[in-house]
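Asks: could you work out the structure for the sequence below:
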Amino acid sequence: MCPRHFSKLYPGVMSKKLISAVVLMLVLVLVAETSAQNKKVNWEAFSTNLIVAIKSNHPGLQQSAMQRIIQYADSLDVTKAVYDIALIFRFDDNSRMRRLAMVTLAKINTDHALGYLCQYLKYEKNPAIAKQCCGIINQYYAAKYPEKYQELAVSLSK
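Replies: Predicted coordinates:
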């Protein structure tokens, strides 16, 4: 029996079910929105756990941690992991993992993190990574130190 015929046989039943479903959905949406607003993220604990994950020797855990750092970089303080991420960028055999580490260092957005990219750029053998690294360094210094940007561009070209 199709819903159109059902509503003719039992008037008001479909409309009551429809209204009940709409009301239930509205209540669920309001409850979910309220509970999401009440939850506060402990960014300090999250940062600490990401640092522990980066310092581990498990590549999958390191990759996942770097992805989260990229995703939530504005809210995190992971400066203690910069050296470990720089080591991944410099010495990992997997070029995708190295590129992920490079972007992670860029998203951390500190002079210390970008300093590693500048330092290791001259040793980079992969032209695609070197080109992207130059772009990241140029973008960072153009935004942060516009007065020194020309000087940096000359030193990078050598």
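Asks: in what helix or strand does residue 40 lie?
Replies: Assessed by DSSP states H and E, residue 40 sits outside every helix and strand.
Asks: do you know the pLDDT at it?
Replies: For residue 40, the model assigns a pLDDT of 83.
Asks: that one: neighbour count?
Replies: 6 (other C-beta atoms under 10 Å). The way it works is simple: take the backbone N, C-alpha and C, and place the C-beta from them, glycine included.
Asks: distance of it relative to residue 77?
Replies: 16 Å (C-beta to C-beta, to the nearest Å).
Asks: and the helices in the protein?
Replies: 3-9, 13-38, 43-55, 59-71, 82-91, 95-108, 111-121, 127-144, 149-157 (DSSP state H).
Asks: for those helices, which has the smallest mean pLDDT value?
Replies: Lowest mean pLDDT within these: helix 3-9, a mean of 55.
Asks: ok, the residue nearest the centre of the chain to residue 142 distance?
Replies: For the chain, the residue sitting closest to the mean C-alpha position, by C-alpha atoms, centre = their mean, is residue 71 at 1.5 Å. Noted for residue 71: a distance of 24 Å to residue 142, by C-beta to C-beta.
Asks: what do you get for residue 44?
Replies: From residue 44 over to residue 142 (counting by C-beta to C-beta), the distance is 32 Å.
Asks: now residue 79
Replies: Counting by C-beta to C-beta, the separation of residue 79 from residue 142 is 22 Å.
Asks: no further questions, thank you.
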